[in-house]
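Chemist: Sequence and computational prediction follow.
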Amino acid sequence: MLDYLPNILFLIALIAGIGYFTRNIRKVIRNIKLGREIGEVTDKKERWGNVVRIALGQSKMVVRPVSGLMHIFVYVGFVIINVEVLEIIIDGILGTHRIFAFLGPVYDWLIAAFEILALLVLIAVIIFWIRRNIQRIKRFISPEMKGWPKNDANYILYFEVVLMLLFLTMNAADHQLQHLGAPHYIEAGMFPVSSHLLPLMEGLSADTLILVERIAWWFHILGILVFLNYLYFSKHLHIILAFPNVFFGKIRPKGQFKNLESVTNEVKLMMDPNADPFAAPPEGAEAPAKFGASDVMDLDRVQLLNAYTCTECGRCTSECPANQTGKKLSPRRIMMATRDRLEEIGKNIDKNGEFKDDGKQLLDDHISREELWACTTCNACVEACPVSIDPLSIIMDMRQYLVMEQSAAPTELNVAMTNIENNGAPWPYNQMDRLNWKNEV
Amino acid sequence: MSETIQVPTMAECLAQGKQPEVLFWVGCAGSFDDRAKKITKAFVKLLHNANVDFAVLGTEESCSGDPAKRAGNEFLFQMQAMMNIQVLNGYEIKKIVTACPHCFNTLKNEYPELGGNYEVVHHTQFLKDLLNEGRLKVQGGKFKGKRITFHDPCYLGRANNEYEAPRDLLRKLEVELVEMKRCKQRGLCCGAGGAQMFKEPEKGDKDVNVERTEQALETKPEVIAAGCPFCNTMMTDGIKAKEKEGDIQVMDVAEMIANAEDL
């Protein structure tokens, strides 16, 4: 029975790790579903194409070549090294060692590839850390990146360094044990990177080496499980959500903003000479929808998915004309505030069973009017996002709420809108003078 | 120009039982703003020169609703859109050309769902077609060899993925086209979009148009070419703020073609 203790402990850790993660992902899904439904998803072919190109293919990451290339190392490393994790899981459950070793030369090359990727990941992660903490690139030190967002970013990097070092240490100890002909440690694998760690292992007894190898093996897999569960609390959720997010991303021309159907119905009614303005609404008609968004429940599910997907890279903010010229608006902060509010509501539901009004909302409590009115709707943020997040759509929905529900547009805009209403142009010109230029041709 | 150019309205065309090949949607800026009216006139001269059978709506045209929509007033936008669509559909309009990227975007992308389906093109696209069809002839002329940088309007570029039409026209003028470090997909807004044209900017360190003008000045241009009446105003103001109005002009691509040809 004691022989199976490691297997049992492993299984418990695995189930606990995956179980807690599943529970939290369910909460993410529940929270996203607080948003409005999006209706039928069309153009699936184009959407899958985007997933392949933008998410799998990282096409928008390489717009910035340095960080793009580094990110590809970490991304490919992450995806491919997961094959190794599969082996670790099988070994852990069955008590085997390097169960895929039967693949022979293929296995050797696989391990060699993992090692090289692990090294590339290490290098990339160190460069990322330098960019954030020493070089202090502007988009990483903006006001919204103080406190938790800054620590979160660094914790992720530390996690990755530790995981890669554990992986390489494990291989080095294993390699040395293979040299010593230790039982159980069959000759398998090619170790182009960890073989450089062998001098550190020299002179160690087989027992010590086994201890080193086992500790590294256990901490590596436990580390992965902890990291998996860290995602839920972190901006790092993008490693999963980037894929659905790109799939659901906007595929219309960027300049095409959605037309509010509830408004269309009212306008049609107003323009219909036969409509009875005093008619009672038809039996069972729904109450008219609220115009625009003042809280996260007024946003749609894709917008909420956007918020969870944002990894706070700040490319949007660094391209934003308002932000570049010192205005308060930062499209990244719009996404962060949306997620913060959504999680606040999620916790409220966890506590009370259902959402109990907390006297707060997304507008004013999380996103100020000053930020909303600074936007030029130029789509630079949408273009910049490597995972198809649309901060502009949230800004627009909130402006709609301000204007249509609260009549709270800036005064000059009210003047322009009154002009449009009265004389068909945003300036106070007479409609009848519209063609006067003709006489000057 | 000695002969007078006729600018027929749709109402006149209808009265004569004619259907022009294209409607020129002038837009509010192009109709009322003194600077933008020059673009309108230049474009009309080009249309005339290429023997394009066009008409305008004149006093039947109204704001496309773009600034209302971007300001968040969906109600006013749809009112404007539906009124315009009634007029446009009434005249059975098929094709629309406009020199305003905001009108272009709204008419092209946001009107169809409300019942307005037209082929909508930006004037740079239309002029490019005229050149390709040989209806309009352009040679270097005045601008040949001059350093020109093109400022991408957000609502033509990023919003609708048209980066090349205006540049093709400039190349036809045999200019030395120099790109700003932020151009095309990464072009910086002039600061007027999203109804900002009609309000004071929020508190900040700098105005967006000044920032963009500085980027343009880095290319040491003789002319900053634009394709939008609002960008034109913003960049012109930027040039004034930088006290460069004596050295550098801001011109619409259509104006440049008309000027090159001395129309």
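Modeler: Perfect, I can see it now. Numbers count the residues shown, from 1 in each chain, chains lettered A, B, ... in the order given.
Chemist: neighbours around the residue in the stretch 151-263 of chain B that chain A sits nearest to, how many?
Modeler: Residue nearest to chain A within the stretch 151-263 of chain B (Cβ to the nearest Cβ): residue B:159, separated by 2.7 Å. C-beta here means a position set from N, CA and C on the backbone, and glycine is covered the same way. The number of residues packed near residue B:159 is 26, by other Cβ atoms under 10 Å in any protein chain shown.
Chemist: how near is the residue of the stretch 251-400 of chain A at minimum distance from chain B to residue B:254?
Modeler: Of all residues in the stretch 251-400 of chain A, residue A:255 sits closest to chain B, at 2.7 Å by Cβ to the nearest Cβ. According to Cβ to Cβ, to the nearest Å, residue A:255 stands 21 Å off from residue B:254.
Chemist: Check residue A:415 too.
Modeler: Applying Cβ to Cβ to residue A:415 and residue B:254 gives a distance of 30 Å.
Chemist: Between these two, which is the more surrounded one?
Modeler: More neighbours surround residue B:254 than the other of residue A:415 and residue B:254, with 26 against 16 (other Cβ under 10 Å).
Chemist: which residues touch the more buried one?
Modeler: B:39, B:42, B:43, B:46, B:99, B:123, B:124, B:127 (Cβ atoms under 8 Å, 6 or more residues apart in numbering or on different chains).
Chemist: Format the residues you listed as a markdown table; extra columns: neighbour count, pLDDT and secondary structure.
Modeler: Converted to a markdown table, the contacts of residue B:254 look like this (neighbours: other Cβ atoms under 10 Å in any protein chain shown; pLDDT from 0 to 100; DSSP: H, G, I helix; E, B strand; the rest coil):
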| residue | neighbour count | pLDDT | secondary structure |
| --- | --- | --- | --- |
| B:39 | 28 | 98 | helix |
| B:42 | 23 | 96 | helix |
| B:43 | 26 | 97 | helix |
| B:46 | 22 | 96 | helix |
| B:99 | 31 | 98 | coil |
| B:123 | 30 | 98 | helix |
| B:124 | 29 | 98 | helix |
| B:127 | 28 | 98 | helix |
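Chemist: out of these, which one sits closest to residue A:3?
Modeler: Residue A:3 lies nearest to residue B:124 out of these, by Cβ to Cβ, at 77.7 Å.
Chemist: just checking, residue B:31 touches residue B:40?
Modeler: Yes: judged on Cβ atoms under 8 Å, residue B:31 makes contact with residue B:40 at a distance of 7.2 Å.
Chemist: what sits in contact with each of these two?
Modeler: Counting by Cβ under 8 Å, 6+ apart, the contacts common to residue B:31 and residue B:40 are residue A:437.
Chemist: These two: who's more crowded?
Modeler: residue B:40 (29 against 26).
Chemist: and that one, what does it touch?
Modeler: Residue B:40 neighbours (Cβ under 8 Å, 6+ apart): A:437, B:26, B:30, B:31, B:99.
Chemist: could I get the residues you listed as TSV with distance to residue B:109 and secondary structure?
Modeler: Formatted as TSV, the contacts of residue B:40 follow (distance: Cβ to Cβ, whole Å; DSSP: H, G, I helix; E, B strand; the rest coil):
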residue	distance to residue B:109	secondary structure
A:437	27	helix
B:26	19	coil
B:30	20	helix
B:31	22	helix
B:99	17	coil
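Chemist: Please parse the chain into its domains.
Modeler: Using chain A here. Chain A breaks down by automatic domain parsing into domains covering A:2-32+A:64-233, A:290-431.
Chemist: let's do chain B instead
Modeler: With automatic domain parsing as the reference, chain B has domains B:10-130, B:138-260.
Chemist: now these in JSON lines, with distance to residue A:116?
Modeler: JSON lines is the format used below for those (distance: least, Cβ to Cβ, whole Å):
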{"stretch": "domain B:10-130", "distance to residue A:116": "47"}
{"stretch": "domain B:138-260", "distance to residue A:116": "33"}
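Chemist: helix/strand/coil for the residue lying closest to residue A:97 once chain neighbours are set aside?
Modeler: Excluding the flanking residues, the one nearest residue A:97 by Cβ to Cβ, 6 or more residues apart in numbering or on different chains is residue A:184, at 5.5 Å. Classification of residue A:184 using DSSP: H, G, I helix; E, B strand; the rest coil returns coil.
Chemist: what's the distance between residue A:184 and residue A:6?
Modeler: 13 Å.
Chemist: Between these two, point out the one with more neighbours.
Modeler: Each of residue A:184 and residue A:6 has its neighbours counted (other Cβ under 10 Å); residue A:6 has more, 13 against 9.
Chemist: ok now the helix or strand where the more buried one lies, how far from the chain's centre?
Modeler: Under the criterion of DSSP states H and E, residue A:6 resides in helix A:5-32. Helix A:5-32 sits 21 Å away from the centroid of its parent chain (Cα atoms, centre = their mean, to the nearest Å).
Chemist: With that, I have no additional questions.
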